[in-house]
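A.B. asks: A structural model of the following input is requested.
(one chain, ligands or ions: 2)
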Amino acid sequence: MSPPGRAAHALDLDRLLERCHEHTWRLSDLDFSRPPQALPEAQEDAVVQYLTDFVYIERMAGSFFLALQDKVGHPVVRQILQTFVIDETRHAHAMQLLADHFDRRKLRIYAPNPWIVRLVQRLEEWIRVAPPDAAATAVTTGEICFDVAYLKPLDEHLADPTAREVLRLVHRDESRHLAIDYWLLEWFGTADYQERHPPEPFDLRAEAELMVRYVRAFSVGFPFMRQVFFGTNARLDQNGARLRDAAKRIQLAMTRPGIRGRPFVRFYGAVQAIFDSPVLGPVVRRGFATVLGADPTLFKTQYTDAERAHVEGLSAHELAVDTLAAFYPE
Ligand SMILES: [Fe+2]
Ligand SMILES: [Fe+2]
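C.D. replies: Ligands and ions are numbered 1, 2, ... in the order given. Predicted structure coming up:
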């Protein structure tokens with residue numbers, strides 16, 4: 001049983017719940033009366049498609065928090081997660097409004113990438129039955145990669161006052177989400193949680209169902225990553241710096257003292273050791289990169305010893321602030 005991590009206890013959850021209610025905003029606060037930045041036809045088409053896909057990225061983040069509510073076993077955090085579901089629904093609506101804002105020429109009727117729609121449903125199915133720490137790891141990874149990392153490059157790419165206003169408000173909500181993402185990573189390993197929720201006895205049928213749901217999610221995750229995550233996002237991140245930063249933040253989250261010994265994190269560490277191995281590493285990295293359409297160096301350890309030492313001393317809240325400042329410098 002892991003000892004309670006410092007970070008898990010450094011977050012004032014009652015205060016955070018108050019902030020969830022105080023810091024909310026409404027779609028009616030936004031001003032869509034200004035005309036959008038004029039874009040060439042091909043660029044307008046790409047931007048509207050990207051924002052249409054982003055609606056489902058936000059829905060995916062909402063489904064993560066919805067699925068976690070029944071697992072969390074903490075009444076205040078459950079209420080916080082309920083506010084996050086509302087936040088992500090608002091983000092999805094805001095992205096749709098932004099898509100409509102840029103859709104000046106009405107070139108076609110836009111539909112989300114079909115792999116995203118399938119992935120949203122299948123990830124939620126998997127998270128509902130997954131071990132809590134695996135679910136928390138997936139949620140933190142998904143939030144950093146999909147929900148947070150590209151807000152700033154998108155803002156810079158669009159260079160539009162309405163988009164900037166929307167993305168800043170979305171970003172402000174993400175500081176609360178990430179603080180809880182980091183907190184949850186540690187919470188499921190604490191003695192407090194484990195005493196209240198002892199592991200269920202081994203059940204072959206439940207394990208088989210878990211594996212089926214995992215494979216179903218994974219099978220649609222690959223084409224989604226290839227087409228949307230590594231494909232479309234590459235236009236916003238031409239030297240790949242943002243992607244490497246996202247990978248680094250996820251890797252650093254896994255090194256924190258409160259979660260290091262957890263089974264899913266040990267599995268994650270073993271996979272990372274293969275990626276970093278001088279013999280097997282180059283072959284495995286190239287294989288993954290070819291399937292996903294990504295840069296092979298992305299799968300190596302991205303952080304330095306100094307960066308690892310830096311995040312060890314931070315609370316979940318401080319780590320969220322640190323991550324967001326790196327991704328969205330004002
Ligand atoms: Fe979001
Ligand atoms: Fe979020």
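A.B. asks: residue ranges of the helices in the stretch 101-250 of the chain, please?
C.D. replies: Residue ranges of the helices in the stretch 101-250 of the chain, as given by DSSP state H, counting those that start in this stretch, are 114-129, 132-142, 151-158, 161-187, 191-196, 204-224, 241-253.
A.B. asks: Turn the ones you listed into a markdown table, columns for mean neighbour count.
C.D. replies: All C-beta spots, glycine's among them, are computed from the backbone N, C-alpha and C. Below are the helices of the stretch 101-250 of the chain laid out as a markdown table (neighbours: other CB atoms under 10 Å):
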| stretch | mean neighbour count |
| --- | --- |
| helix 114-129 | 20 |
| helix 132-142 | 23 |
| helix 151-158 | 19 |
| helix 161-187 | 23 |
| helix 191-196 | 14 |
| helix 204-224 | 15 |
| helix 241-253 | 20 |
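A.B. asks: of all of the stretch 101-250 of the chain, which residue lies closest to ligand 2?
C.D. replies: His177 (3.7 Å; CB to the ion).
A.B. asks: show me the contacts for the residue nearest the centre of the chain.
C.D. replies: Nearest residue to the geometric centre of the chain (CA atoms, centre = their mean): Glu143, 1.3 Å. Contact analysis of Glu143 by CB atoms under 8 Å, 6 or more residues apart in numbering lists Ala61, Phe64, Glu174, His177, Leu178, Asp181.
A.B. asks: So which bits of the stretch 1-150 of the chain are right by ligand 2?
C.D. replies: Within the stretch 1-150 of the chain, the positions near ligand 2 by CB under 5 Å from the ion are Ala61, Asp147.
A.B. asks: Please, which helix or strand holds the residue of the stretch 1-150 of the chain found nearest ligand 1?
C.D. replies: In the stretch 1-150 of the chain, the residue found nearest to ligand 1 is His91; the distance is 3.9 Å by CB to the ion. Assigned by DSSP states H and E, His91 falls within helix 75-102.
A.B. asks: Which positions within that helix qualify as buried?
C.D. replies: Buried residues in helix 75-102, counted by 16 or more other CB atoms under 10 Å: 77, 80-81, 83-85, 87-88, 90-92, 94-99, 101-102.
A.B. asks: Figure out how far that helix is from the centre of its chain.
C.D. replies: Computed by CA atoms, centre = their mean, to the nearest Å, the chain-centroid distance of helix 75-102 equals 14 Å.
A.B. asks: by contact count, what packs against that helix?
C.D. replies: With contacts defined as 3 or more CB pairs under 8 Å, 6 or more residues apart in numbering; DSSP states H and E, the packing partners of helix 75-102 are helix 13-22, helix 41-69, helix 161-187.
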